[in-house]
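Enquirer: any chance you could fold what I've pasted below:
(one chain, ligands or ions: 1)
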Amino acid sequence: MGTAAAQDKAAQTPIPILAYHRFDPATPGPTTVTNAAFARQLEWLAAHHYKIVPLRAVVEGLTGKTPPVAAPAVAITADDGHRSVYTELFPIIKKEHIPVTLFIYPSAISHASYALTWDQLKEMHDSGLVDIESHTYWHPDFRKERARQSPEKYRAFVDDQLARSKSVLEDKLGIKVDMLAWPFGIVDPELETSAKRAGYVAAFGFNGGVAAPGGDLFDLPRIPMSNAAQGASFGAMLTATTSGKAQE
Ligand SMILES: [Zn+2]
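Expert: Next up is the predicted model:
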């Protein structure tokens, strides 16, 4: 294949978005990746010439705002604002100069014992490597809330969760927030409409597979990461068009 053709093909190849939660020096869990397993994933990406790009670049490529990100590339995200993002992940990304997007629900910050503090978020953002975006205000299960609230109350509840998260993150950190990760990956057309109304430009689920141009910008797929995602199986996850598997 000629260089121009190779570049053309690379520009059309969807970019996988990896979704992490927690990190630990030694002990893996359902949503906890050990530092060693994360290091092996980074080594695999480097060995296969994957560039790690900011999530923003992927979204702007999908919307046509900028040229599409050239493959092979991945974006890295981490949800929920667990303290290990600061203690374990942040030192690694600083050393390796890796861009990461954090999806945060502000009610937990500087409040829950497991969660990051506002100072830690600010320090990570100031590094220039960490983008901070919304994961709603307190991480509700929208399916359960819809079942137990009147339609009017539920609608107001959704609007509040989406707007308050964005405004609190923007005020506390002096940033602009316009991307959203759906709690538990739960999303439907009504929620997508609410997200658009609240000023978001893209929202992310958990359905595996990769985000292709022309897809739904308010239910962009991400690939849930675990310790088991290594070697050939990790590589297969990055190229699968969809897994249909929903997780936290
Ligand atoms: Zn979450």
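Enquirer: pLDDT on stretch 135-150, on average?
Expert: The average pLDDT within stretch 135-150 is 98.
Enquirer: got a list of what residue 105 touches?
Expert: 80-81, 134-139, 165, 183 (CB atoms under 8 Å, 6 or more residues apart in numbering). C-beta here means a position set from N, CA and C on the backbone, and glycine is covered the same way.
Enquirer: what is the subsequent helix or strand relative to the lowest-mean-pLDDT helix or strand in the chain?
Expert: Scoring the helices and strands of the chain by mean pLDDT, DSSP states H and E places helix 3-12 at the bottom, with a mean of 55. Using DSSP states H and E, the next helix or strand after helix 3-12 towards the C-terminus is strand 17-20.
Enquirer: which strands or helices does that next one pack on?
Expert: strand 73-79, strand 223-224 (3 or more CB pairs under 8 Å, 6 or more residues apart in numbering; DSSP states H and E).
Enquirer: does the ion sit close to it?
Expert: No - Strand 17-20 is not in contact with the ion by CB under 5 Å from the ion; minimum separation 9.1 Å.
Enquirer: how about stretch 73-86?
Expert: Yes - against the ion, stretch 73-86 shows contacts by CB under 5 Å from the ion at 79-80.
Enquirer: low-confidence regions, the chain specifically.
Expert: Applying pLDDT under 70 to the chain flags residues 1-12, 241-248.
Enquirer: in JSON lines: the helices and strands packed on strand 17-20, plus mean neighbour count.
Expert: Below are the helices and strands packed on strand 17-20 laid out as JSON lines (neighbours: other CB atoms under 10 Å):
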{"stretch": "strand 73-79", "mean neighbour count": "24"}
{"stretch": "strand 223-224", "mean neighbour count": "22"}
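Enquirer: tell me which of these lies nearest to residue 22.
Expert: Residue 22 sits nearest to strand 73-79 of all those, at 8.3 Å, using CB to CB.
Enquirer: I'd like the distance from the closest one to the chain centre, please.
Expert: The chain centre lies 6 Å from the centre of strand 73-79; the measure is CA atoms, centre = their mean, to the nearest Å.
Enquirer: elements contacting it?
Expert: strand 17-20, strand 51-52, helix 55-63, strand 100-104.
Enquirer: give me the distance between residue 77 and the ion.
Expert: According to CB to the ion, to the nearest Å, residue 77 and the ion sit 11 Å apart.
Enquirer: repeat for residue 234
Expert: Going from residue 234 to the ion by CB to the ion gives 22 Å.
Enquirer: ok, residue 159 touching residue 197?
Expert: Yes - judged on CB atoms under 8 Å, residue 159 makes contact with residue 197 at a distance of 7.3 Å.
Enquirer: before we move on, the earlier item: inside helices: which ones of the contacts of residue 105?
Expert: Among those, the members falling in helices (DSSP state H) are residue 165.
Enquirer: run through the residues that contact the nearest residue to residue 149 once chain neighbours are set aside.
Expert: Take residue 149 and drop its neighbours on the chain: the residue closest to it by CB to CB, 6 or more residues apart in numbering is residue 157, 6.1 Å away. Residues in contact with residue 157 (CB under 8 Å, 6+ apart) are 140, 145, 149.
Enquirer: at 10 Å what do you get?
Expert: 137, 140, 142, 145-146, 149-150 (CB atoms under 10 Å, 6 or more residues apart in numbering).
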